[in-house]
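*Asks:* sequence and computational prediction follow.
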Amino acid sequence: MQQNAKSQHTSRKRKEGLLENFFVKGEYFDYVLLFVVFFLVCFGLVMVYSTSSYKAYLEFKDAAYYFKRQLLFCGIGFIGMILISKVNYLKWKKFSGLIYLMMLMLQIVVLFVGSESHGAKRWIQIGPIGFQPSEFAKIGMILFMAHLISKKANVIKKFSELIKIYVVGLIIVGLIAIENLSTAVVVMAIIIIMTFITSPKYKQFFVLGSLAVLIIVLFITTVGYRGERIDAWLDPENHEKGYQTMQSLYAIGSGGIFGKGLGQSMQKLGFIPESHNDMIFSVVCEELGLFGAVCVIVMFIILIWRCVIIADNAKDLYGSLIVIGIMTHIAVQVIINLAVVTNTMPNTGVPLPFISYGGSSMVFILIEMGVVLSVSRQIKLK
């Protein structure tokens, strides 16, 4: 009887130990980061309703159609973020190989059975649910590369070892680039920054950077619609594909310092295509003016700053690289989105993190923030 009681007690202790290893109770939690994420998501919901209500009423007789869907995605994303933030991030090391295989499989599947949107196969449709594998590839590549680079930290300074890492990453990047060059550029930027932080040898990265630019040029010149986007960027006023860019610039210019007021945009009334998606920042500028635009940019800067703090204080290289990868993902997407909206670079489909409408992008980016918070929870306060 006593032996049975002892064995049950030992078994219970063992289970508790396994749970403690999987879930972490940290001494630190970055509430500033959590607040910024919550603010950006709430602000995004307001702007999604503002930019989509006209289109939603015309198409579905429900002005809040897109708002309700985005609210659902945000709810799923926040639940995922909270759950992931409680998981010991070191556990993801065990799944890095599986994550890579999943990325590879999904990118191959989408090329053959993917649903076409805007002339490219980017979605896997399962009933009423659409899933974009390239969004999973962003966080998947971050977790996989963080493990691979941290394992090779002592030898990564050798050019041959660096090339091996890039070959593994470029397999996924190449598959993404076939149908989604903009996302491929984001994933490539993540890999470059993560490896550069670990091995800042400028000559090596100059060579690899030149090679990356050459590959991007080849992808642009070999696909007709990408070349047209370059032409439209150079002369948007006289090019038939420059309509969206011109309407975006009209919206930004008409906003002035303090904007026309929330909900008062004219350009969202059918003039700017995808005003609730990639071009949402132009409506922010029109309704809230330069002041509102600067406030949004400042919030992104604060978010990136908090990521830098967490990465600098992470307890190991693996955790630091995860946060650097996620920080790079957000920073690059913000820069590209703002550059497209202001016609600083050719038009490409990159959403504004936390703000643009989109289920896959919202859910996965909130999950990424959960991973960052899980890293922050293991920072030891001195």
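*Replies:* Thanks, I have the structure now. Computed from a predicted structure; not experimentally measured.

*Asks:* the strand ranked longest in the chain pairs with which strands, and in what direction?
*Replies:* If you go by DSSP state E, the chain has its longest strand at strand 120-126. Strand 120-126 has these partner strands in its sheet, going by DSSP bridges: strand 115-117 (antiparallel), strand 129-131 (antiparallel).

*Asks:* residue 125 and residue 115 touch, don't they?
*Replies:* Yes: counting by Cβ atoms under 8 Å, residue 115 is a contact partner of residue 125 at 4.5 Å. Backbone N, C-alpha and C define where each C-beta goes, glycine included.

*Asks:* neighbouring contacts of the longest strand of the chain?
*Replies:* For strand 120-126, contacts defined as Cβ atoms under 8 Å, 6 or more residues apart in numbering pick out 106, 109-111, 113-115, 117, 130-134, 179-180.

*Asks:* alpha carbons of stretch 304-315, in CSV - could you do that?
*Replies:* This file holds the C-alpha atoms of stretch 304-315, laid out as CSV (Å, rounded to 0.1, in the frame of the first residue of the first chain):
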residue,chain,number,x,y,z
ILE,A,304,11.5,46.9,-32.5
TRP,A,305,13.3,48.6,-29.7
ARG,A,306,11.8,46.2,-27.2
CYS,A,307,12.8,43.3,-29.4
VAL,A,308,16.3,44.6,-29.4
ILE,A,309,16.3,44.7,-25.6
ILE,A,310,14.9,41.2,-25.3
ALA,A,311,17.4,39.8,-27.9
ASP,A,312,20.3,41.5,-26.0
ASN,A,313,19.3,40.0,-22.7
ALA,A,314,18.2,36.6,-23.9
LYS,A,315,19.8,33.8,-21.9
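
*Asks:* so for the top helix by length along the chain, what gets flagged as buried?
*Replies:* Ranked by number of residues, the top helix in the chain under DSSP state H is helix 280-313. Using 16 or more other Cβ atoms under 10 Å as the test for burial, helix 280-313 gives 280-289, 292-293, 296, 299-300, 302-304, 306-307, 309-311, 313.

*Asks:* following that helix, which helix or strand comes up?
*Replies:* Using DSSP states H and E, the helix or strand that directly follows helix 280-313 along the chain is helix 317-341.

*Asks:* pLDDT below threshold where in the stretch 101-250 of the chain?
*Replies:* Where the stretch 101-250 of the chain drops to pLDDT under 70, the residues are 117-120, 127-128, 200, 216-217, 219-227.

*Asks:* quick one: the helices in the stretch 101-250 of the chain, in order.
*Replies:* 133-151, 159-179, 181-198, 202-222, 224-234, 243-255 (DSSP state H, counting those that start in this stretch).

*Asks:* give me whichever of those helices is most buried.
*Replies:* Across the helices of the stretch 101-250 of the chain, averaging neighbours per residue (mean count of other Cβ atoms under 10 Å) puts helix 133-151 on top, at a mean of 23.

*Asks:* export that helix as PDB, just CAs?
*Replies:* Taking Å, rounded to 0.1, in the frame of the first residue of the first chain, the C-alpha atoms of helix 133-151 are listed here in PDB:
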ATOM      1  CA  PRO A 133       1.900  28.700 -46.400                       C
ATOM      2  CA  SER A 134       4.300  31.600 -47.000                       C
ATOM      3  CA  GLU A 135       3.200  33.100 -43.700                       C
ATOM      4  CA  PHE A 136       4.000  29.900 -41.900                       C
ATOM      5  CA  ALA A 137       7.400  29.900 -43.700                       C
ATOM      6  CA  LYS A 138       8.400  33.200 -42.000                       C
ATOM      7  CA  ILE A 139       8.100  31.900 -38.400                       C
ATOM      8  CA  GLY A 140       9.200  28.400 -39.500                       C
ATOM      9  CA  MET A 141      12.400  29.700 -41.100                       C
ATOM     10  CA  ILE A 142      13.100  31.800 -38.000                       C
ATOM     11  CA  LEU A 143      12.900  28.900 -35.600                       C
ATOM     12  CA  PHE A 144      14.800  26.500 -38.000                       C
ATOM     13  CA  MET A 145      17.600  29.000 -38.800                       C
ATOM     14  CA  ALA A 146      18.000  30.000 -35.100                       C
ATOM     15  CA  HIS A 147      18.700  26.400 -34.200                       C
ATOM     16  CA  LEU A 148      21.000  25.700 -37.200                       C
ATOM     17  CA  ILE A 149      23.000  28.900 -36.800                       C
ATOM     18  CA  SER A 150      23.400  28.500 -33.000                       C
ATOM     19  CA  LYS A 151      24.700  25.000 -33.600                       C
END
